[in-house]
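J.: Task: produce atomic coordinates for the following.
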Amino acid sequence: MSLKHTMTVLEAMDSAYVNGDQIKELFAAYPGVSVTVTKVTGSKGSTDFVKIVIPGTEGKSQGGSAPTLGIVGRLGGIGARPSRIGLVSDADGAVAAVAAALKLADMQTKGDTLTGDVIVSTHICPDAPTRPHEPVDFMDSPVDILTMNNHEVTPEMEAILSIDTTKGNRVINHKGIALSPTVKEGYILRISEDLVRIMEMATGELARTFPVTTQDITPYGNDLYHINSILQPCVATDAPVVGLAVTAQSAVPGCGTGASHEIDIAAAVRFAVEVAKEFTGGVAQFYDKEEFALITKLYGSMKILQTGGENSQRA
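T.: This is a model prediction of the structure:
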């Protein structure tokens, strides 16, 4: 029942007064789940970073060895007040990530605990700024992308599913969810067959994917065009990163309100939960390790794409 948890989180976030502590309160009934809130102030305001750890029966947080999945809710802000009233389209990533954590926490109380740990991170800002972008305006963030990655991407994450609203473009023209190729250490790899299978099972439809360019996997701030920030976690980790986009048929501004569709967000939640089950259980993989070893042997490192350019440090 991922829709129930999606609706709960949507109601909590659709407020001018919401903050990280209120999101933490959603998990008060789950003592086994760890939630930390960190307020960070930037040049354009402040936001609350929220990190939720759902331990697995054999997770590394319990001294085990099962793989750890990271789920990152990517966004600039969940609201653009005072210029916009209400929850903005850009909030979908945060809603989906927190709802997935809530579903996983609830599963534990019913005897369904995953094998490995799941770490969910996002940030809560109801009054983020906006910025121009083609073909429609984007949401901006109170803090820069380096700060976001520092708080949302952790060394414990052995694979990352990055969920983000991806509606402000003319590349994707269907409503629902879509999957990116796997990105690792500057390489855009083939789309994971395991994740395609899981998406088709979770949605009951053929899997939908979206294209990724080299520009998209480079850090923000280098003056290159990015479809959005969905793959920005890849510049801060050597773990494989896959983008899970919440999409629309038309081009919808990230700062548009009344544009969050609970059914589509719930589909993203359901997919994320199924990926968490299979990845932490050692069943599903984000990439082919042998093929990655071969491509790096043949063509060398592409880690320069995780930096701002020649002689720059990695973001």
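J.: so Ile52 touches Val120, yeah?
T.: Yes. Using C-beta atoms under 8 Å, Ile52 is in contact with Val120, at 4.3 Å. The C-beta positions use only the backbone N, C-alpha and C, and glycine is treated the same way.
J.: Those two: which is more packed in?
T.: In terms of neighbours (other C-beta atoms under 10 Å), Val120 is the more surrounded of Ile52 and Val120; the figures are 30 against 27.
J.: what's the distance between the more buried one and Ala276?
T.: Going from Val120 to Ala276 by C-beta to C-beta, to the nearest Å gives 9 Å.
J.: Could you tell me which residues touch both of these two?
T.: Listed contacts common to Val120 and Ala276 are 71, 100; contacts here mean C-beta atoms under 8 Å, 6 or more residues apart in numbering.
J.: Show me the helices in this protein, by range?
T.: Defined through DSSP state H, the helices belonging to the chain, from first to last, are 2-13, 20-25, 92-109, 145-152, 193-203, 262-280, 289-299.
J.: Need the pLDDT of the closest residue to Leu206 other than its chain neighbours.
T.: Across the structure, with C-beta to C-beta, 6 or more residues apart in numbering as the measure, the residue nearest Leu206 apart from its sequence neighbours is Glu200 (6.3 Å). On the pLDDT scale, Glu200 is placed at 98.
J.: For Glu200, give its distance to Leu298.
T.: Applying C-beta to C-beta, one obtains 32 Å for the distance of Glu200 from Leu298.
J.: quick one: pLDDT of Arg314?
T.: Predicted confidence (pLDDT) at Arg314: the value is 53.
J.: still on that earlier bit, thought the residue nearest to Leu206 was touching Asp194?
T.: No. Applying C-beta under 8 Å, one finds Glu200 not in contact with Asp194, separated by 11.1 Å.
J.: Tell me which of the two has more neighbours.
T.: A direct count of neighbours by other C-beta under 10 Å for Glu200 and Asp194 places Asp194 higher, at 16 against 13.
J.: Which parts of this structure are strands?
T.: Taking DSSP state E as the criterion, the chain contains strands spanning 34-42, 45-54, 69-74, 118-124, 130-131, 138-139, 159-165, 176-184, 187-188, 241-247.
J.: and for Glu200 and Asp194, which residues touch both?
T.: In terms of C-beta under 8 Å, 6+ apart, Glu200 and Asp194 are not both contacted by any residue.
J.: buried set for stretch 18-38?
T.: 18-20, 22-24, 26-27, 30, 33, 35, 37 (16 or more other C-beta atoms under 10 Å).
J.: just to revisit the earlier point, and the strands of the chain: which comes nearest Ala97?
T.: Of all the strands of the chain, strand 69-74 sits nearest to Ala97, with 2.9 Å by C-beta to C-beta.
J.: Show me what the closest one is in contact with.
T.: Identification of contacts with strand 69-74 by C-beta under 8 Å, 6+ apart yields 93-98, 100-101, 116-123, 152-154, 156-164, 228-230, 232-233, 239, 272, 275-276, 279-280.
J.: pretty sure Thr280 contacts Leu104?
T.: No. Applying C-beta under 8 Å as the test, Thr280 and Leu104 come out as separate, 10.1 Å apart.
J.: Now list whatever residues contact both of the two.
T.: Shared contacts of Thr280 and Leu104 (C-beta under 8 Å, 6+ apart): 114, 118.
J.: in stretch 256-270, what counts as buried?
T.: Using 16+ other C-beta under 10 Å, the residues of stretch 256-270 that count as buried are 256-257, 259-260, 262, 264-270.
J.: Run through the protein and note the low-pLDDT ranges.
T.: 310-315 (pLDDT under 70).
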